[in-house]
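J.: no sequence on this one, just coordinates:
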């Protein structure tokens with residue numbers, strides 16, 4: 001059973017070029033969302049990875065000790 005499903009969604013900037021192709025450029029920002037209701041807001045991509053990792057570890061600790 002999955003109690004928490006935390007996802008890091010990177011934010012990209014799109015540039016539409018002649019001919020119809022689209023370039024997706026990373027902005028270095030991301031959002032963390034979890035099924036438990038956690039939402040980080042827009043943070044740096046590195047910070048988002050840290051938040052998601054800390055959140056997953058915290059949930060695992062709570063299960064082990066609770």
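T.: Perfect, thanks for sending it. Since we're looking at a predicted model, the values are computed, not measured. Numbering: from 1, shown residues only.

J.: give me the buried positions along the strand of greatest length in the chain.
T.: Selection of the longest strand in the chain by residue count, based on DSSP state E, yields strand 22-34. Residues of strand 22-34 classed as buried: 29-34 (neighbour count, 16 or more other Cβ atoms under 10 Å). Using the backbone N, CA and C atoms, a C-beta is placed for each residue, glycine as well.

J.: before we move on, what about stretch 31-46?
T.: 31-34, 40, 43, 45.

J.: ok so, going back, out of the buried residues of strand 22-34, which is nearest to residue 5?
T.: residue 34 (6.6 Å; Cβ to Cβ).

J.: tell me the contacts of that closest one?
T.: Listed by Cβ atoms under 8 Å, 6 or more residues apart in numbering, the contact set of residue 34 reads 4-7, 52, 55.

J.: now the spatially most central residue of the chain: how far from residue 55?
T.: The residue lying closest to the centre of the chain (Cα atoms, centre = their mean) is residue 8, at 1.4 Å. Noted for residue 8: a distance of 10 Å to residue 55, by Cβ to Cβ, to the nearest Å.

J.: touching both of those two, which residues are there?
T.: residue 32.

J.: poorly predicted segments of the protein, please.
T.: Residues of the chain meeting the criterion pLDDT under 70: 1-4, 59-66.

J.: which residues in it form strands?
T.: 6-16, 22-34, 43-44.

J.: still on that earlier bit, nearest to residue 23 among the buried residues of stretch 31-46?
T.: residue 45 (18.2 Å).

J.: what sits against that closest one?
T.: 8, 10, 26, 28-30.

J.: redo those residues as a markdown table? Include distance to residue 20.
T.: What follows is those, written out as a markdown table (distance: Cβ to Cβ, whole Å):
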| residue | distance to residue 20 |
| --- | --- |
| 8 | 30 |
| 10 | 23 |
| 26 | 22 |
| 28 | 27 |
| 29 | 27 |
| 30 | 28 |
